[in-house]
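Undergrad: here's my sequence, what's the structure:
(one chain, ligands or ions: 1)
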Amino acid sequence: MRNDIEALARRVGDIEIKTEAYYRYAYSYDATGRRGTCLGVVFPLGLKDMASIIRESSRMEIPFFIRGAGTGFSGGAVPGGGGIVISTEKMRRIIDLDMEAGTVEVETGLVNRKLQDFLEPEGWFYPPDPASMNVSTIGGNIAENAGGPRAYKYGVTRVYLRSLTWITADGDVIESPVEGPAALLPGSEGTLGAVYSAVLSILPLPAAYMTTVVTTKTDEDAMKIASDLLSIGFCPSVMEFIDSKTMKCVSKYSRTEVFDNGGSYLFFEIDGSEDLVKAQQKILESFCRDRKLESVTAADDRERDLLWELRRSISPSLARKGITKVNEDIALPLGRLADAVTFIHRTASELGLDCYLFGHCGDGNLHVNIMTDRRRKEEMKRTDIFVEQLFSEVARMQGTLSGEHGIGITKIRYLDKIFSHAELDLQKKIKSVFDTQGLLNPGKYFSS
Ligand SMILES: Cc1cc2nc3c(=O)[nH]c(=O)nc-3n(C[C@H](O)[C@H](O)[C@H](O)COP(=O)(O)OP(=O)(O)OC[C@H]3O[C@@H](n4cnc5c(N)ncnc54)[C@H](O)[C@@H]3O)c2cc1C
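TA: I've put the predicted structure just below:
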C-alpha cells in the first residue's frame, strides 16, 4: 500500500500527496461522523493537476474519493478501500462573471457563501442556499444536487448549471453543457465523474424581502397551515418548518426567548419587487389575523439576519442534545407531511427515542433527527428499527428517502424500498459505463 502511494507520487511529479496520519485522519469523515481510511490526501491546484491525479490513479488501479468541505450528511465523501482523497479545497477561483449572460464560472472548491459574497455587491445572487452554505462547496452542492430554504421558489442546484468541466474516471477532460453524459453528474454523489469547474446561472437580487416567523399550536397544524396558505395564493420564496423541541434548543443555544413558547413554527420569506412583497405580506397578515396566529416580522435587515441566524443554528444547537445525530431527510408531497409527522412522533415515542423535526416544508423536505449516542448499543438498535419503519412508511406514502442529502453510504441498504430490481440494475449498469474499474468513490450508492 505504502509502495502504491510512493509510486503514485512519483508519477504525478510536483503534486504533493500528504500521507501524515493527521491528514489521513482529518480527511476521513464527513458530517455523519462516519469514519473511513485513506492512504493519502492530495490537493490539486487546477484542472491539469486534478486530471493528472485521476489518470495516474486509474492506471495504477488506486480508488479515489473527491472531497469538498465534508459537510455531507450521507457519507458520500468518506474514503475507504486503500484509496486516496482528492480535496478540491485549493481550487476556489471565481473564473469569470458575465453579467450580460447572467452567469458566473467557478472552480468547484469554492465555498457557496464566498460566491454569494462576491455576487451581492454586483447586484446578483446564486439561488441554491443549503443551510451549510457558509462551509459547503459548489462541487459538493453539484454532486448532491443540493437544495436549501430558497429551493421552494427557485429550485435546486441542477436548475442553475449551464456547463461543466469534468474529468472521467479514466482521467479524460470533458467540457460540455449539462446535456448528454454531463446531465447525469448533478446528484450523482461523486460516483460518475469529478467536476473541476462550472458555469452557473445567477439572478438579479430581489428589490425587497419580508421575513416572518409564525407560531402554530402543533406540528400537524403547521403543516396544514402551510398547505392552506399556498391554496389562497401565498407564494413565499422560503417556507421552513421547525418543531417545538428543535426551537427550544435553538432558543437556548442563541439565548433568544422570543420563540420559546412551546409552539411549532413556520419560517417564511417573501422576495421580489416592493409591490409584490407588500401584496404577499397582506395575504399572510390577514390569514394570521383570521386564524389568531402569533407572528413576528423582521423590521429591518438586522432583524432579518437575526432570524436567519436562528434558522442556521439549528444543527449546531442540536449537536448539544446528543453525541450521535441520526439525520434522515425524507421528502413527501406537502399534503402528506401532517400524517408523516404524526407517524414519526408516535413511532419515536413508542421506541423511547429523542426526536427533533425541521425542514424545507414548502418543497416537502422534512429532516428527522434522532439524538442518541453510538456507544449505547441497545438505543442504536431501537434507532435502526425507527429508521426502517420510517422509510417503509415514506415508501408507502410515495415519498423519497432523501430530499437533498443523498444516499451515500447511510441509505444504501434501504434503496430497494423505493427502487425496483430493474431500476437498481439499470443504475449499476450506468455506473459501470462511467467507471469501468469501479475506482471512483467506490462503496457508495451503487454498491447495493
Ligand atoms: C449543518 C448542515 C446543514 C445542511 N443543510 C443542507 C441543506 O439545506 N440542503 C442540502 O442540500 N444539504 C445540506 N447539508 C448537506 C451538505 O452540506 C450538502 O450535501 C453539500 O452539498 C455538501 O457539500 P460539501 O462541499 O461539504 O461536499 P462533501 O461532503 O465533501 O462531498 C459530498 C459528495 O460530493 C462529492 N463531491 C464533492 N466535490 C465534488 C466534485 N468537485 N466533483 C465530484 N464530486 C464531488 C463527494 O465525493 C461526496 O460524494 C447540510 C449539512 C450540514 C452539516
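Undergrad: so for stretch 191-209, mean pLDDT?
TA: Summarised as a single mean, pLDDT over stretch 191-209 is 98.
Undergrad: end to end, how far does that stretch reach?
TA: 38 Å (Cα to Cα, to the nearest Å).
Undergrad: buried set for it?
TA: 191-200, 202, 206, 209 (16 or more other Cβ atoms under 10 Å). Heads up, the C-betas are built off the backbone N, CA and C, glycines and all.
Undergrad: likewise stretch 149-156?
TA: So for stretch 149-156, counting by 16+ other Cβ under 10 Å, buried means 149-154, 156.
Undergrad: just the CA coordinates of that stretch, formatted as PDB?
TA: Output of stretch 149-156 as PDB, limited to C-alpha atoms (Å, rounded to 0.1, in the frame of the first residue of the first chain):
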ATOM      1  CA  PRO A 149     -34.600  27.000   2.100                       C
ATOM      2  CA  ARG A 150     -35.000  29.000  -1.100                       C
ATOM      3  CA  ALA A 151     -35.400  25.900  -3.200                       C
ATOM      4  CA  TYR A 152     -39.200  26.200  -2.800                       C
ATOM      5  CA  LYS A 153     -39.300  29.200  -5.100                       C
ATOM      6  CA  TYR A 154     -36.000  28.900  -7.000                       C
ATOM      7  CA  GLY A 155     -35.400  25.200  -7.300                       C
ATOM      8  CA  VAL A 156     -32.300  23.100  -6.600                       C
END
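Undergrad: what does it contact?
TA: With contact meaning Cβ atoms under 8 Å, 6 or more residues apart in numbering, stretch 149-156 is reached by 127-129, 131, 145-147, 203, 235-240, 267, 269, 271, 311, 360, 362-363, 404.
Undergrad: hmm, it in reach of the ligand?
TA: No. Using Cβ under 6 Å from any ligand atom, stretch 149-156 stays clear of the ligand, with a minimum separation of 6.8 Å.
Undergrad: just the mean pLDDT for that stretch, thanks.
TA: For stretch 149-156, the per-residue pLDDT averages 96.
Undergrad: run a quick neighbour tally on P44.
TA: Around P44 sit 26 other residues, with neighbours defined as other Cβ atoms under 10 Å.
Undergrad: immediately after the lowest-mean-pLDDT helix or strand in the chain, which helix or strand?
TA: Lowest by mean pLDDT, DSSP states H and E among the helices and strands of the chain is helix 2-12, with a mean of 85. Following helix 2-12 in sequence order, the next helix or strand is strand 17-18 (DSSP states H and E).
Undergrad: sheet-wise, list the partners of that next one with their directions.
TA: strand 40-42 (antiparallel) (DSSP bridges).
Undergrad: can you give the contact residues for the strand or helix carrying K428?
TA: K428 belongs to helix 421-434 when assigned by DSSP H and E. In this structure, residues lying in contact with helix 421-434 by Cβ under 8 Å, 6+ apart are 168-169, 181, 184, 191-193, 415-416, 419, 438, 440, 445-446, 448.
Undergrad: what parts of the protein come near the ligand?
TA: Counting by Cβ under 6 Å from any ligand atom, the chain sits next to the ligand at 30-31, 65-73, 76-77, 88, 108, 130-132, 136-137, 139-141, 143-144, 146-148, 189-190, 194-195, 315, 404-405, 441.
Undergrad: of those residues, which belong to helices?
TA: 139-141, 143-144, 315 (DSSP state H).
Undergrad: circling back: in ChimeraX, select just the buried ones from the contacts of stretch 149-156.
TA: Entered in ChimeraX, the line below selects the buried ones among those, by 16+ other Cβ under 10 Å:
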select :127,128,129,131,145,146,147,236,237,238,239,240,267,269,271,311,360,362,363,404
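Undergrad: about what we covered before: among the buried residues of stretch 149-156, name the ones in strands.
TA: Secondary structure from DSSP state E places none of those in strands.
Undergrad: got those as JSON lines, with distance to R55 columns?
TA: Output for the buried residues of stretch 149-156, formatted as JSON lines (distance: Cβ to Cβ, whole Å):
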{"residue": "P149", "distance to R55": "39"}
{"residue": "R150", "distance to R55": "38"}
{"residue": "A151", "distance to R55": "36"}
{"residue": "Y152", "distance to R55": "41"}
{"residue": "K153", "distance to R55": "42"}
{"residue": "Y154", "distance to R55": "37"}
{"residue": "V156", "distance to R55": "31"}
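Undergrad: which of the residues of the chain next to the ligand fall within strands?
TA: Filtering the residues of the chain next to the ligand for strands - DSSP E - leaves 65-67, 194-195.
Undergrad: quick one: distance of stretch 174-181 to the chain centre.
TA: The chain centroid and the centroid of stretch 174-181 are separated by 23 Å under Cα atoms, centre = their mean, to the nearest Å.
Undergrad: how about stretch 174-183?
TA: 22 Å.
Undergrad: check stretch 436-448 too.
TA: For stretch 436-448, the distance to the chain centre is 21 Å (Cα atoms, centre = their mean).
Undergrad: so for that stretch, what gets flagged as buried?
TA: In stretch 436-448, counting by 16+ other Cβ under 10 Å, buried: 438-446.
Undergrad: secondary structure class for R304?
TA: helix (DSSP: H, G, I helix; E, B strand; the rest coil).
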